[in-house]
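**Q** Below: sequence and its predicted model.
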Amino acid sequence: MTGQSKRRRTFSAFGDVRRMPSEYEIMTHAQNWTTRTNRSAAFEQNPSSPANLWFLTYRDNSPLRAEDWESFRDPDKLTYRAYVTLQSDAEATAARVLEEYADAALSPGQVALLGAMFTPSRFLVHGCQQVQAYIGYMAPTSYVTNAAGFATADLLRRVTLIAYRTRELQVGHPDAGIGTAERGRWEDDEAWQPARRAIEKALVTYDWGEAFTAMNLVLAPTLDDVLLRQFREVSRDQGDELSWLLASFLRTDSDRRARWSAALATFCLRQRPENAEVLQRWIDRWTPVADAAARGLGSLLETHPERGRPAEEVVAGARAARDALHARLFGQLEDGLAATR
């Protein structure tokens, strides 16, 4: 066979590599059909069709760019099989806890907090789920599509758990309005309106890069600090061990999304230092929106429990959690630039 090229291996899509790709890479690499090589448009139809123009405008021409999107990796390296196994175990644990604490007594103030903050949160979380699904659908690489897909499933799990707990509380406290008043609170309660405006604004943010920044780098870190970390702390202070445990379980999902989101932002900064300006512009645009939402939700932590937490303290805690994430991202960029000098 002299003079003929050597037969390429099945994993040659990874380039001239000197190692066997991992299961995660084999299952994830170049699976996004709309980013295939030698394409004239995302879909095999007229390049000026609405679908192709949408992807051209809001993904391919996004200000957030990279030299090689396919080189991004999810730090948790999740595949579908690994994710299903992981969450099956998590659901079994949650079910045991729900059964163990089924008859736990709650103070009137904690019941009021659950009805004002926890059970209506399913509307907000469902909106976050929709934005996360959009990020995955529009992403420029299947490595992001898969990570966002798992994050979307996490949020569906969260909505389901909130709905299940809502029904339990409705049965146990039939006069509290739980199970019937949530939609009215979501649409009319002053404390919820900044969060509702935030998620509705995110739902009509079409540039995939800005949607990712708005949701995963600003809104989610801010609101999850309030709805998960601070809510669980206040709940435990009120003697509600079940809410503390459930919020802790959900925080595990939130932390996993934060890891790949931070890794993606760092990847973008290292691929193109000019992305720092792009990300910072979007972060500055969405930060006041997130702070207003945290302040509204903070008023619920301040007024409903017997031993509440001042709203401004809630906002300060949420802002600190978000700022710590951003400091790590941009600090890594500075470290990387310094190493190349």
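**A** Received, thanks.

**Q** Look up how far Y143 lies from K201.
**A** 27 Å (CB to CB, to the nearest Å). Just so you know, the C-beta spots here come from the backbone N, C-alpha and C atoms, and that holds for glycine as well.

**Q** between those two, who's got more neighbours?
**A** Under the neighbour definition other CB atoms under 10 Å, K201 and Y143 were set side by side, and Y143 has more, 27 against 14.

**Q** residues touching that one, list them.
**A** When the contact criterion is CB atoms under 8 Å, 6 or more residues apart in numbering, the partners of Y143 are T28, H29, W69, E70, F72, R73, D74.

**Q** which residues touch the nearest residue to the fourth one once chain neighbours are set aside?
**A** It stands for E70. When the adjacent residues along the chain are set aside, E70 lies closest to T141, with 5.4 Å between them (CB to CB, 6 or more residues apart in numbering). Contact criterion CB under 8 Å, 6+ apart gives N32, T35, W69, E70, F72 as the residues in contact with T141.

**Q** Please tell me how far T141 sits from G149.
**A** Using CB to CB, which is the criterion applied here, T141 is 13 Å from G149.

**Q** How about R259?
**A** In this structure, R259 and G149 are 15 Å apart, going by CB to CB.

**Q** out of the two, which sits in the more crowded spot?
**A** Relative neighbour count places G149 above the other of R259 and G149, with 20 against 14, counting by other CB under 10 Å.

**Q** where's the more buried one, which helix or strand?
**A** Taking DSSP states H and E as the definition, one finds G149 inside helix 142-172.

**Q** so after that helix, what's the next helix or strand?
**A** In the C-terminal direction from helix 142-172 (assignment by DSSP H and E), the next one is helix 182-188.

**Q** G179 reaches Y164, doesn't it?
**A** No: contact status for G179 versus Y164: not in contact, 11.4 Å apart, counting by CB atoms under 8 Å.

**Q** Looking at the two, which one has more neighbours?
**A** For G179 and Y164, the more surrounded residue by other CB under 10 Å is G179, and the numbers stand at 17 against 14.

**Q** Any chance of the backbone angles for the more buried one?
**A** Here is the backbone geometry of G179 (degrees, to the nearest 10): phi 100, psi -20.

**Q** where's the residue lying closest to it once chain neighbours are set aside relative to E312, distance?
**A** Once flanking residues are discounted, G179 sits nearest to Q170: 3.3 Å by CB to CB, 6+ apart. Q170 sits 33 Å away from E312, taking CB to CB as the criterion.

**Q** what do you get for T213?
**A** Distance of T213 to E312, computed by CB to CB: 26 Å.

**Q** If you count surrounding residues, which of these two has more?
**A** For T213 versus E312, the count of surrounding residues by other CB under 10 Å is larger for T213: 26 against 12.

**Q** In terms of pLDDT, where does the nearest residue to that one once chain neighbours are set aside sit?
**A** On the basis of CB to CB, 6+ apart, the spatially nearest residue to T213 that is not a chain neighbour turns out to be W282, at 4.1 Å. Reading off the confidence values, W282 has pLDDT 97.
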